[in-house]
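Undergrad: Give me a 3D structure for the following:
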Amino acid sequence: MSNFNPDFLNTKSVIKKILYRSLVVTAVILCELSFKKCRQTEKISMFRNDLQHSGIYQTTPASDSIKLKWKFKTGGYVFSSPAVSGNIVFFGSNDSCFYAVDKASGSLVWKFRTGGVVSSSPAITDGAVYFLSFDGYIYALNALDGKEIWKFSGGEEKVFTAQGIHGIHPLDSLLPDPWDTYLSSPAVYKDKILFGSGSGQFFCLDKNAGKEIWSFQTGDVIHSAPAVYDGKVYFGGWDTYLHTLDIETGIEIWKSPTGKDTVYHNQTGIQSSPMIHDGILYFGCRDSHLYALDAVTGMLKWRYFNNFSWINNTPVVMDSIIYYGTSDTHKLIGLHAVTGDSIMAIDLNAYIFSSPVIAGNRLYIGDFSGTLYSVDYMNHKIIWEFRTDGASKDTLHILKESGELNMDSLMIYFKDGPTFRNNQKFMKALFSIGSVLSTPAVDNGVVFFGSSDGNLYAVE
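TA: Numbers count the residues shown, from 1 in each chain. Here you go, the predicted model:
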């Protein structure tokens, strides 16, 4: 007969339970630590790829033998710049909807309807996507299913308005600027969402609750997308100033003036969004200058005049050269980033509002002719041109055979004078050719961009 002790089984059982619970607790702790690490290191997708608006994508460029991968049709102009997160491409449309489409197939994942056009570019982080609508709200949606998490009213949204703007009649009437095409695009910094509004206010919200942390009132409409650097947030406005605020308090640190045009309000206002590189703040202005300021002090380092052409896009810097596009002179310009000396200029087909981005050895930019360009920025050569559906059809014969704008065809809309109604007809005709005002996003050899023909394109 054995010396069996019945208490031994109970002791063994207790030890097993203790070990099991220890393993479970350890596993939970490891999962939580891993989750927190993932949340801390998760890449934030936003306008121009990052908080400094670098415009640099560390990914494979598109092929030099370009082809259409897919296109997705919406019901309005797509001025919004797409952002890629995971397997989804997010963007807005002037049909008042915000879209999430599969980046591989271009099929709709979900869409969300707002009360106004969505020409804001989104920011995506921690499973949420943030964007502005012309209905006056900034929205936070679940990135997986498009369900609303919260929305916040930034006041009445509006475009820049002025008497006699661009010489449009009647000169004594307060008229909206037809070229004010974008809304501010939000920046996500830690637990904060930062953006400007048509009310002239700049807001900082708690990104999880959608509650105001602070706000700052400027003198006019803000449609610039803010950049963040070294504890400061930078943005431009139609009040003609580049503003710099403390990101924690909202207190203004400095502001830098640009040119003023009090007669036709044509050469005035900052429609461009700022970019920071190596401690220098770069931005364009409708006063026809590209500016370089010390990001800490606001001291002017240099400015470059562009022959009365607006600079409404955000520049990109690579190998000490800063690249950007012009409006009326239709050029892709390259300057020395430190000195502002001229290095190169490439003629494109039309006005340029789309901001240049770089992936690998290629620069991508679009223009109003409905063309997306791939440029070898090292050799200053255009590699390929991709035309949108609107440009290919050109039903109103707005383009020359070369692809350039046919100004004779466009100016016919002003035969009865530069009235507001004729200007509306002119803009409608111009956008009929699938103009590319959207800034491209690049992901694994695919370039995504929107067009005024209503499509989001994916080319590879």
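Undergrad: Can you show me the helices along the stretch 201-350 of the chain?
TA: Under the criterion DSSP state H, counting those that start in this stretch, the stretch 201-350 of the chain contains no helices.
Undergrad: quick one: low-confidence ranges for it?
TA: Low-confidence segments of the stretch 201-350 of the chain, defined by pLDDT under 70, are absent; every residue clears the threshold.
Undergrad: can you tell me how far the residue most central in space within the chain sits from residue 165?
TA: The geometric centre of the chain, computed from its C-alpha atoms, lies nearest to residue 47 (CA atoms, centre = their mean), at 3.5 Å. Counting by CB to CB, to the nearest Å, the gap from residue 47 to residue 165 is 26 Å. In this view, the C-beta of every residue, glycine as well, is placed from N, C-alpha and C.
Undergrad: next one: residue 345
TA: Noted for residue 345: a distance of 29 Å to residue 165, by CB to CB.
Undergrad: okay, those two: which has more neighbours?
TA: The residue with more neighbours, out of residue 345 and residue 165 and counting by other CB atoms under 10 Å, is residue 165; that gives 25 against 13.
Undergrad: Phi, psi for the closest residue in space to that one that isn't next to it in sequence please.
TA: Excluding its sequence neighbours, the residue lying closest to residue 165 (CB to CB, 6 or more residues apart in numbering) is residue 265, at 4.7 Å. Dihedral pair for residue 265: phi 50, psi 30, per degrees, to the nearest 10.
Undergrad: What count of nearby residues applies to residue 265?
TA: Per other CB under 10 Å, the neighbour tally for residue 265 reads 21.
Undergrad: Wait, it touches residue 164, no?
TA: Yes. Because the distance of 7.2 Å satisfies CB atoms under 8 Å, residue 265 is recorded as touching residue 164.
Undergrad: doesn't residue 272 make contact with the residue nearest to the centre of the chain?
TA: No. At 12.0 Å, residue 47 does not count as touching residue 272 under the criterion of CB under 8 Å.
Undergrad: And residue 192, how close does it get to residue 137?
TA: Using CB to CB, we find residue 192 at a distance of 18 Å from residue 137.
Undergrad: Residue 427 now?
TA: Separation of residue 427 from residue 137 (CB to CB) stands at 26 Å.
Undergrad: ok, now residue 429?
TA: Note on residue 429: its distance to residue 137, by CB to CB, is 32 Å.
Undergrad: same deal with residue 255?
TA: When CB to CB is the yardstick, residue 255 and residue 137 sit 27 Å from each other.
Undergrad: Neighbour count for these two, which is higher?
TA: A direct count of neighbours by other CB under 10 Å for residue 255 and residue 137 places residue 137 higher, at 19 against 16.
Undergrad: can you tell me how far the more buried one sits from residue 249?
TA: Counting by CB to CB, the gap from residue 137 to residue 249 is 25 Å.
Undergrad: Could you do residue 93 as well?
TA: Distance check for residue 93 against residue 249: by CB to CB, it reads 36 Å.
Undergrad: The two: who's more crowded?
TA: Higher neighbour count among residue 93 and residue 249: residue 93, with 25 against 12, using other CB under 10 Å.
Undergrad: my guess is that one meets residue 118, correct?
TA: Yes. With contact taken as CB under 8 Å, residue 93 and residue 118 are classed as touching, separated by 6.0 Å.
Undergrad: Could you report the neighbour count for the spatially closest residue to residue 403 that is not a sequence neighbour?
TA: Residue nearest to residue 403 in three dimensions, not counting chain neighbours: residue 349, with 4.8 Å by CB to CB, 6+ apart. Using other CB under 10 Å, residue 349 has 21 other residues around it.
Undergrad: quick one: the strands in the stretch 51-200 of the chain?
TA: According to DSSP state E, counting those that start in this stretch, the stretch 51-200 of the chain carries its strands in the segments 56-57, 68-73, 83-85, 88-92, 97-102, 108-113, 123-125, 128-132, 137-142, 148-153, 161-163, 174-176, 187-189, 192-196.
Undergrad: I appreciate the help and will end here.
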